[in-house]
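Chemist: Quick check, what structure comes out for this input:
(2 chains)
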Amino acid sequence: MLDSLSHLMLAFTDVATPENLLLIFVAGLIGTLVGALPGLGPSAGIALMMPLTFGMNPISGLSLLTGVYMGTMYGGRLTAILINTPGDAPAIVTAMEGYPMMQKGQGGQALGISAIASFVGGIFGLLMLIFFAPIIAEYAIFLGPPEYFMLMLLGLSMIIVLAGSDPLKALIATAAGVLLSTIGSDYVSGNVRFAVVPELIEGVDFVAVIIGLFGIGEVLVNVEERIRLNMGKPKFKFSEFIPGWAELRHISFPTLRGSVIGTAIGVLPGAGATIATFIAYITEKKLSRQPDNFGKGASEGLASPEAANNAAVPGSLIPLLTLGIPGSGGTAIMLGALIMFGLNPGPMLMIQSADIVWGTIAGLTIANLFLLASNILLIPVFVNALRLIQNHLNAIVVAFCLVGAFSINYGTFDVWITAIFGIIGYLMKRSNYPTGPFILALVLAPLAENYLRQSIMLGQGSWGIFVQKPLTMTFTILVLGVVAFGLAKAPFTSYLRKKRLQAA
Amino acid sequence: MNTMKTTEIIFLAILAAFAASLSIGSIDLKYADEFSFGPGFIPMNVGILLLACCVFQALKSFLKGRQANAEDQDHEGEAPNIAGLVITTGIIVVGIAAMALGSVLAPIFAMIVLLSWRVANHPIANSLFVGAATTAVIYVIFAVWLNLPVI
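Modeler: As a prediction, the model looks like this:
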């Protein structure tokens, strides 16, 4: 524990340069704005910022990306509370209590409570990350290729099962991601697979794909659906943003509960912030002495999910930084960023690149402090910025996406890839196919394929290697359990629905 | 509902064609040897799986669509902006093609102006201002600050 703190203190001295502090502050502001805009979530925010990190050192680049990631979690609540339009999926629950508070003339208080709860959740998750990540990493070095392959398969199968109501669509998205990842050089055999043009020898560039999918794809959907924000001109006094002692005491335990739930759910692959917010909300409603107040502006129903939402971000970074296994689309993009910076994600990351990992954690802690201050002091700035951006958002996003794609290799090939995946992203969103499993599969599949091959070689051609050791067998059983649950979920849900309909 | 059905058909057709071509292409790659599998193993198996899933999903959507068709006829919302979608796609495609002529920022400026003016229907003066301001910000960030060859 003391070791973690000394690493962190050292990292703070590395990160706290004027240039880095400005970068983290701006990243938080950009993340807040991106998170507030409906349609653009954490994945889009990180994807759009990725090209900006090309010329940076890893600590600055990763601090920028994690700052944006955390900022989007703060931003989602702004439009949810002000105009009942959640900026991202986790903010749906925020709108359920935040908007009624706004209607009752307590909008300023709702924004203040949610900012404080978000901060507490973020700090709690960070503490868990700081103290538990080194412990997990210590044990993770004993895992071999079969365990790693099974862990990756577990992550992928969980995201298929948990992604929305249709596991088949998630499976299609996952298989498409795996197949796309096979294009390019196969480093085990030395073969080049499906590279019809020389630019594909290194494979399809991951950054070009995510920029297209989350940037251009969103723009096309926004244009077709004529999405516009009607921000209005809300006026608040500064004092309204700071809740009184009685209110702070009232939300203290819900905020802590939300923080615990958010961190725990964030660690699980496939679950993520959205599920965490719903579980936190349901828990508070169950525990409340006045459950009838929920839906009418209950501050505990606002605080708990907001804390869960922000605690899920550091929670999701625990498996990423210790095992190299992302649990969501956002962390999959972060994994891509780690690889892009020449790092080797996995159990050795915290040993080989400790300065960078601790620097990123320090950056995230500073971002959380900046975000609390900016989300209380700069609300009018955000509202005016959103009003200004909303009218020209599509044109600005397209411009940044295409310049970002050009910056990958300074040629138009990646720009075309971005445009193609923009159209693919549009088709996926219009047909309700989840993009998270696609990105996760695209990033994880090459690693998983290598681990699978190494495992089979270790087993001298036998697949029995996956049930030989107790730990590997446990992972295998877990994967089979998740797959069985996924297969049984849809028929069981439809059976229950029919039963309920018959009873009604 | 109709648009969604069309988009899903297009999406599944693209995926099926992609899966089929990679599966066929993987025939030339080594599938397995004595101790492990070769580079053709994953593309061949995942390609076949994806192809089968696409066919199954298409059938599922087709049967569901027939059932839901009558129920959905009454639900008329705001008409989708198909013209805007086509114009936006066209502007992006022509803009990228224009980048091959040498400059990145000039096509970007033109794209912003056209998207703002023709798709979002802002006054031309407004669009020119937004185009110039955004292009200037991009130049400062990418060319000046990050020192990348974006001109």
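Chemist: Do the least confident helix or strand in chain A by mean pLDDT and chain B come into contact?
Modeler: Here the helix or strand of chain A ranked lowest by mean pLDDT, DSSP states H and E is helix A:379-390, holding a mean of 80. No - Helix A:379-390 lies out of reach of chain B by Cβ under 8 Å from any Cβ of the partner chain, never closer than 9.9 Å. Backbone N, C-alpha and C define where each C-beta goes, glycine included.
Chemist: do the same with stretch A:82-91
Modeler: No - Stretch A:82-91 lies out of reach of chain B by Cβ under 8 Å from any Cβ, never closer than 15.8 Å.
Chemist: same check, this time on stretch A:454-471
Modeler: Yes - Stretch A:454-471 reaches chain B (Cβ under 8 Å from any Cβ) through A:456-457, A:460-461.
Chemist: Return the members of those residues classed as buried.
Modeler: A:Ile456 (16 or more other Cβ atoms under 10 Å in any protein chain shown).
Chemist: count of neighbours near residue 92?
Modeler: Answering for chain A, as no chain was given. By the criterion of other Cβ atoms under 10 Å in any protein chain shown, A:Ile92 has 17 neighbours.
Chemist: looking at chain B here, not the other one
Modeler: Quick note: B:Ile92 (other Cβ under 10 Å) scores 25 neighbours.
Chemist: do the same with B:Met99
Modeler: 21.
Chemist: May I ask you to confirm that it is in contact with A:Val415?
Modeler: Yes - counting by Cβ atoms under 8 Å, A:Val415 is a contact partner of B:Met99 at 6.4 Å.
Chemist: Could you tell me the per-residue confidence at the residue in the stretch 1-150 of chain A that chain B sits nearest to?
Modeler: Nearest residue of the stretch 1-150 of chain A to chain B: A:Gly55, at 4.0 Å (Cβ to the nearest Cβ). pLDDT, A:Gly55: 79.
Chemist: which residues touch it?
Modeler: Counting by Cβ atoms under 8 Å, 6 or more residues apart in numbering or on different chains, A:Gly55 makes contact with B:146-148.
Chemist: what sits against A:Phe492?
Modeler: For A:Phe492, the contact set (Cβ under 8 Å, 6+ apart) is empty.
Chemist: Sorry, wrong one. I was asking about A:His392.
Modeler: B:112, B:116, B:120, B:122, B:130, B:134 are the contacts of A:His392 under Cβ under 8 Å, 6+ apart.
Chemist: In helices, which of those fall?
Modeler: B:112, B:130, B:134 (DSSP state H).
Chemist: Wait, A:Arg228 touches A:Ile389, no?
Modeler: No - assessed by Cβ under 8 Å, A:Arg228 is found out of contact with A:Ile389, at 11.5 Å.
Chemist: filter the contacts of A:Gly55 to the buried ones?
Modeler: Buried, going by 16+ other Cβ under 10 Å: B:146, B:148, out of the contacts of A:Gly55.
Chemist: can you narrow the contacts of A:Gly55 to ones near chain A?
Modeler: The residues of the contacts of A:Gly55 that also fall near chain A, by Cβ under 8 Å from any Cβ, are B:146-148.
Chemist: Just the ones of those residues in strands?
Modeler: Judged by DSSP state E, the ones next to chain A among the contacts of A:Gly55 include no members of strands.
Chemist: A helix includes A:Tyr187, no?
Modeler: No - applying DSSP: H, G, I helix; E, B strand; the rest coil, one finds A:Tyr187 to be coil, outside a helix.
Chemist: host element of the residue nearest the centre of chain A?
Modeler: Geometric centre of chain A, nearest residue: A:Gly330, 3.4 Å, by Cα atoms, centre = their mean. Following DSSP states H and E, one finds A:Gly330 within helix A:329-340.
Chemist: Counting neighbours, what do you get for B:Phe129?
Modeler: B:Phe129 has 15 neighbouring residues, counting by other Cβ under 10 Å.
Chemist: Tell me the residues on the stretch 301-450 of chain A that lie near chain B, please.
Modeler: Taking Cβ under 8 Å from any Cβ as the contact definition, the stretch 301-450 of chain A meets chain B at A:391-392, A:394-396, A:398-400, A:402-403, A:406-407, A:410, A:412, A:415-416, A:419, A:422-424, A:426-428, A:430-433, A:445, A:449.
Chemist: Quick one, which of the residues you listed are buried?
Modeler: A:391-392, A:394-396, A:398-400, A:402-403, A:406-407, A:412, A:415-416, A:419, A:422-424, A:426-428, A:430-431, A:433, A:445, A:449.
Chemist: In strands, which of these fall?
Modeler: Those of these lying in strands (DSSP E): none at all.
Chemist: what phi and what psi does the backbone show at the residue of the stretch 1-150 of chain A closest to chain B?
Modeler: When quoted as degrees, to the nearest 10, the phi and psi of A:Gly55 stand at phi -90, psi 10.
Chemist: That one and A:Phe400, how far apart?
Modeler: 16 Å (Cβ to Cβ, to the nearest Å).
Chemist: what's the answer for A:Thr13, then?
Modeler: Look at A:Thr13 and A:Phe400: by Cβ to Cβ, they are 33 Å apart.
Chemist: buried residues in stretch A:120-127?
Modeler: Quick answer for stretch A:120-127 (16+ other Cβ under 10 Å): A:120-127.
Chemist: In helices, which of these appear?
Modeler: Using DSSP H, the subset of the buried residues of stretch A:120-127 located in helices is A:120-127.
Chemist: out of the residues you listed, which one sits closest to A:Ile251?
Modeler: Nearest to A:Ile251 among these: A:Val120, at 9.2 Å, using Cβ to Cβ.
Chemist: Please identify the nearest residue in space to that closest one, excluding sequence neighbours.
Modeler: In space, and not counting its chain neighbours, A:Val120 is closest to A:Thr255: 5.0 Å by Cβ to Cβ, 6 or more residues apart in numbering or on different chains.
Chemist: Then A:Gly184?
Modeler: With sequence-adjacent residues excluded and distances taken as Cβ to Cβ, 6+ apart, A:Gly184 is closest to A:Gly203, at 2.9 Å.
Chemist: residues near that neighbour, how many?
Modeler: Residues lying near A:Gly203 (other Cβ under 10 Å) number 20.
Chemist: helix, strand or coil for it?
Modeler: Following three-state DSSP, the label given to A:Gly203 is coil.
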